[in-house]
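A.B. asks: show me how the following folds:
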Amino acid sequence: MEYKLSSGSLILLFIFSYFFSSFSYAGVITYDEITDGDLSDGDTFLFEEGVNSISGRTSMSLVSVDWDEFMISVADGFAISSITYSIYEVPVIDSTLYYVNWEIMDDITWLRSKTFDMNSENNKLFSSILPITAGDYHFGMTAISAGIGLNGQPPIGDWNLQFEVVQYTGEKRRLSSSVSVPEPSTLAIFALGMIGLASHRFKKLYE
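C.D. replies: Okay, the predicted model is just below:
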């Protein structure tokens, strides 16, 4: 017997696929990308009180880069009090992963960015903006530097992030308000300086 989907059924199937293409993980999180699946910016982790652990593996080849990123959500009445980061290079002959850069964003506002060399352990991450109070945040890599050897194997690094979540009764903070932004006058002076340098170079080329 043949079954044909109506246009209404196809629309419902599309809506279902769209909304369930990303996943939310609630509770005290212990997530390992190697066993639980590749991380993506559609994954949302709903942190609860305790130490929430997320582990992943990143790599870089001549044709692709494995960026790791995800969303974190902190409920009302709680806050992230500390973030601890460790990364270890997985030995690959003639290949080296030099460093990885992480950032955190509040809505669409860049908050903080930090670069870590390979084989570093128990680094305190983004201490200047802690505690991170209730809200949704994007957490991810923004840069990877690597050297690829003659064997063509991509350099690989295993990393772990631990988010300690505690009860919080203080005032909710909007982190983007703590980020220093250059004032218009500073930007104007910088722009004028660049224009001056460009015009000077242009003039020398045609003298």
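A.B. asks: where does Phe14 land on pLDDT?
C.D. replies: The confidence metric pLDDT takes the value 38 at Phe14.
A.B. asks: what is the burial count for Ile54?
C.D. replies: Ile54 is flanked by 24 other residues according to other C-beta atoms under 10 Å. (C-beta placed from N, C-alpha, C; glycine too.)
A.B. asks: what's across from it in the sheet?
C.D. replies: Tyr31, Leu161 (DSSP bridges).
A.B. asks: distance-wise, check it relative to Gly140.
C.D. replies: Noted for Ile54: a distance of 11 Å to Gly140, by C-beta to C-beta, to the nearest Å.
A.B. asks: tell me, what's touching those two both at once?
C.D. replies: When contacts are counted by C-beta atoms under 8 Å, 6 or more residues apart in numbering, Ile54 and Gly140 have Phe70 as shared neighbours.
A.B. asks: what about Trp159, distance to Phe126?
C.D. replies: According to C-beta to C-beta, Trp159 and Phe126 sit 15 Å apart.
A.B. asks: strands of this protein, start to end?
C.D. replies: 24-27, 30-32, 44-47, 50-59, 69-74, 78-90, 96-106, 109-117, 120-124, 135-147, 156-167 (DSSP state E).
A.B. asks: closest one to Asp38 among the ones you listed?
C.D. replies: strand 50-59 (8.5 Å; C-beta to C-beta).
A.B. asks: can you redo the strands of the chain as CSV with mean pLDDT and distance to Asp38?
C.D. replies: Below are the strands of the chain laid out as CSV (pLDDT from 0 to 100; distance: least, C-beta to C-beta, whole Å):
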stretch, mean pLDDT, distance to Asp38
strand 24-27, 64, 14
strand 30-32, 94, 11
strand 44-47, 92, 15
strand 50-59, 93, 8
strand 69-74, 92, 10
strand 78-90, 92, 16
strand 96-106, 85, 16
strand 109-117, 77, 21
strand 120-124, 87, 23
strand 135-147, 87, 13
strand 156-167, 94, 14
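A.B. asks: Phe45 and Ile29, how far apart?
C.D. replies: Per C-beta to C-beta, Phe45 is found 5 Å from Ile29.
A.B. asks: again with Leu39
C.D. replies: Here the criterion is C-beta to C-beta. By it, Leu39 lies 12 Å from Ile29.
A.B. asks: who touches both of Phe45 and Ile29?
C.D. replies: By C-beta under 8 Å, 6+ apart, the residues touching both Phe45 and Ile29 are Asn52, Ile54.
A.B. asks: done for today, thanks.
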